[in-house]
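Q: quick one: sequence and predicted model below, then my questions.
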Amino acid sequence: MFTFPLLLFVLLSSVYTGRYLGRPAAWAVLAGILGYGAANTGFAGLALLLVARREMGFLKRVRSTPIPRVTYLSAVLTSILLVFLLQAVAVFALGKLLKSTPLPHNAFSLLLAILLGAGAFAAMGLGITSLIRSAEGSSAAVNFILLPMAFLSGGFGPTGHYPRVLRAIGDVLPLKYFVQLVYAIYLHGHQIWSRPGSVAVVAAWGVAGGLLAIRRFRWEPVEG
Amino acid sequence: MSAAAISVRDLRKSYGANEAVRGISFEIAEGEVFGLLGPNGAGKTTTVEILEGYRARDGGDVTVLGHDPARSEPDFRERIGVVLQQSQLFQNVTVREIHEMFAGYYERPRDVDQVIQLVGLAEKRDARVKTLSGGQKRRLDLGVALVGDPDLVFLDEPTTGFDPAARRAAWEMIRSLRSLGKTILLTTHYLDEAEQLADRVAVLREGRIVREGTPTELTSGTEETEIRYRRDGHEVVVRTTEPTRILNELTGAALAEGHELEGLSVRHPTLEDIYLLLTAEEAQN
């Protein structure tokens, strides 16, 4: 889970050469991998972790202790965000080492964007757990969403040359807006607040995931 | 008699059209070990999960340690310990680490090493969970449930799947809990377990309590004693409420005729007999 985006970065940055949007392609690959990584860790990582803990009866057990539910889930979420921050740092280090990609110019904006994205995807991850019945199929279900989304949203490289239909699908997915946000900040030196549209779409998906989680999140294994 | 740790009045719970619990009432005193017996589907787990705060009830009054478990306040959960039938803990942490983790969830946890000692895992303190045997894992479950120093412990089928030696060890441990003054609600389908451990027992069938009392009361509730012997190669079974008179007649006649009552046995029904009788009524209905 942790090393996979790093591996992808190494692969894709050696495949895509030349320039994209006026910058070396490796920069765009790095931005895309940050986007994919946020969804991979925040959405897929959190969902798989929670479904597994639910199915092993661990969450049920935690619920019998005095720790408030919100506290417990916040702690899990925080640990996932920390993992993703470490991953982001590792991607930048790797980029600098292998492809001489620069460190982010607007580090604060980028940090905010990463927290927003990882947080929103984590909220979606919380939400999706209520739709997954068992730990057995959870990896397939989550990746069935994650991988096409990453592909269609530019997480694995630019989508400008994709057929119109595929691009249209990407247009409604949160990851596309998150990747665009990271592009804008990292490639073009924008600030997060100069891209309110992308921020709003990512946040709205996060809120939708959070609402689903509040209504449907289960602490007990699904019976039968 | 001390105060009631658990008080249940006319508890009801349905799942759709299925009435799982149909108006049951019982009280458990502080420091008492109470056994809930019954076949699968009798409503044991539903009842216990309502008391633990996992499920909402449809009707009736429930008080556990002075709280309504449905509100599931942290104050309430500070004082209970729950051992679930099917739950796994993290496999890659050590016995001590998992205890410490759960200790962090409580306001006033018990000393972790003391708990590990109590459940007999002191030698395995630094072993990873995945290296423990089945019996040791159940002891770990118990240890984690005790780490908050609860007043009331729920044990859901604590020895299912144990070999005889492990069962005896578990029984010893449960007795030691009792000597610490903990109130224990135990569900089991092993009758000898209830007989060994419980001060009082309630037998559930189809969502109702069909019998309640001390194991002795339950077995003496049926007055019939069973007398068996063989005559001419056939087994004869006499069930009677007057075993003294019947035995006197039988032995008197045998003595007079100068022959032996082969395979003579006199048996009072065990809890198991009562239980089977109660559950057999279900089959007849």
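A: Here it is on my side, so go on.
Q: I would like the residues contacting stretch B:262-270, please.
A: Stretch B:262-270 is touched from outside by B:191, B:195, B:219, B:222, B:224-231, B:235, B:243, B:247, B:277, with contacts defined as C-beta atoms under 8 Å, 6 or more residues apart in numbering or on different chains. Heads up, the C-betas are built off the backbone N, CA and C, glycines and all.
Q: lowest-scoring secondary structure element of the chain by mean pLDDT?
A: With no chain named, the answer covers chain A. Ranked by mean pLDDT, DSSP states H and E, the weakest helix or strand in chain A is strand A:19-20, scoring a mean of 78.
Q: which secondary structure elements does that one contact?
A: Using 3 or more C-beta pairs under 8 Å, 6 or more residues apart in numbering or on different chains; DSSP states H and E, the elements in contact with strand A:19-20 are helix A:25-38.
Q: which element follows the helix it packs on toward the C-terminus?
A: Under the assignment DSSP states H and E, the closest C-terminal helix or strand after helix A:25-38 is helix A:46-55.
Q: for chain A, what's the nearest residue on the stretch 1-150 of chain B?
A: Residue of the stretch 1-150 of chain B nearest chain A, by C-beta to the nearest C-beta: B:Ser87 (3.1 Å).
Q: what of the stretch 151-285 of chain B?
A: Counting by C-beta to the nearest C-beta, the stretch 151-285 of chain B gets nearest chain A through B:Phe154, at 8.3 Å.
Q: B:Ile227 belongs to a strand?
A: Yes. According to DSSP: H, G, I helix; E, B strand; the rest coil, B:Ile227 belongs to a strand.
Q: ramachandran angles for the residue in chain A that chain B sits nearest to?
A: Taking C-beta to the nearest C-beta as the measure, the point where chain A comes nearest chain B is A:Gly57, at 3.1 Å. Taking degrees, to the nearest 10, you get phi 80, psi 10 for the backbone angles of A:Gly57.
Q: likewise B:Gln136?
A: Torsion angles, degrees, to the nearest 10, at B:Gln136: phi -70, psi -30.
Q: related to what we said a few turns ago, what strand or helix carries the residue of the stretch 151-285 of chain B closest to chain A?
A: strand B:152-156.
Q: same check, this time on A:Ala168
A: Per DSSP H and E: A:Ala168 is located in helix A:164-171.
Q: OK, contacts around the residue nearest to A:Ala52 when sequence neighbours are not counted?
A: Closest residue in space to A:Ala52, ignoring its immediate chain neighbours: A:Ala135 at 4.9 Å, by C-beta to C-beta, 6 or more residues apart in numbering or on different chains. With contact set as C-beta under 8 Å, 6+ apart, A:Ala135 has these partners: A:Val51, A:Ala52, A:Arg54, A:Glu55, A:Met56.
Q: tell me the one of those nearest A:Ser198?
A: A:Val51 (29.3 Å; C-beta to C-beta).
Q: residues contacting residue 63?
A: Since you didn't name a chain, this refers to chain A. So A:Arg63 contacts A:Arg69, A:Trp219, B:Tyr54 (C-beta under 8 Å, 6+ apart).
Q: the chain in question should be chain B.
A: So B:Thr63 contacts B:Ala4, B:Ile6, B:Ser7 (C-beta under 8 Å, 6+ apart).
Q: surely it is in a strand?
A: Yes. Counting by three-state DSSP, B:Thr63 falls inside a strand.
Q: for it, give the beta-bridge partners.
A: Legend: beta-bridge partners of B:Thr63 under DSSP bridges are B:Ser7.
Q: now do the same for it: its pLDDT.
A: B:Thr63 is assigned a predicted lDDT (pLDDT) of 94.
Q: distance of it relative to B:Ser7?
A: 5 Å (C-beta to C-beta, to the nearest Å).
Q: next: B:Ala254.
A: For B:Ala254, the distance to B:Ser7 - C-beta to C-beta - is 54 Å.
Q: between the contacts of A:Ala135, which has the most around it?
A: A:Val51 (28 neighbours; other C-beta atoms under 10 Å in any protein chain shown).
Q: all strands of the chain, in order?
A: Answering for chain A, as no chain was given. Secondary structure of chain A by DSSP state E: the strands cover A:19-20, A:23-24.
Q: look at chain B instead
A: Going by DSSP E, chain B shows strands at B:4-15, B:18-29, B:33-37, B:59-64, B:80-83, B:152-156, B:183-188, B:200-205, B:208-213, B:225-231, B:234-240, B:262-267.
Q: closest to A:Arg19 out of those strands?
A: strand B:80-83 (60.6 Å).
Q: tell me what that closest one is packed against?
A: Counting by 3+ C-beta pairs under 8 Å, 6+ apart, strand B:80-83 packs on helix B:134-146, strand B:152-156.
Q: adding mean neighbour count and mean pLDDT, write those out as a markdown table.
A: Below are those laid out as a markdown table (neighbours: other C-beta atoms under 10 Å in any protein chain shown; pLDDT from 0 to 100):
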| stretch | mean neighbour count | mean pLDDT |
| --- | --- | --- |
| helix B:134-146 | 21 | 88 |
| strand B:152-156 | 23 | 93 |
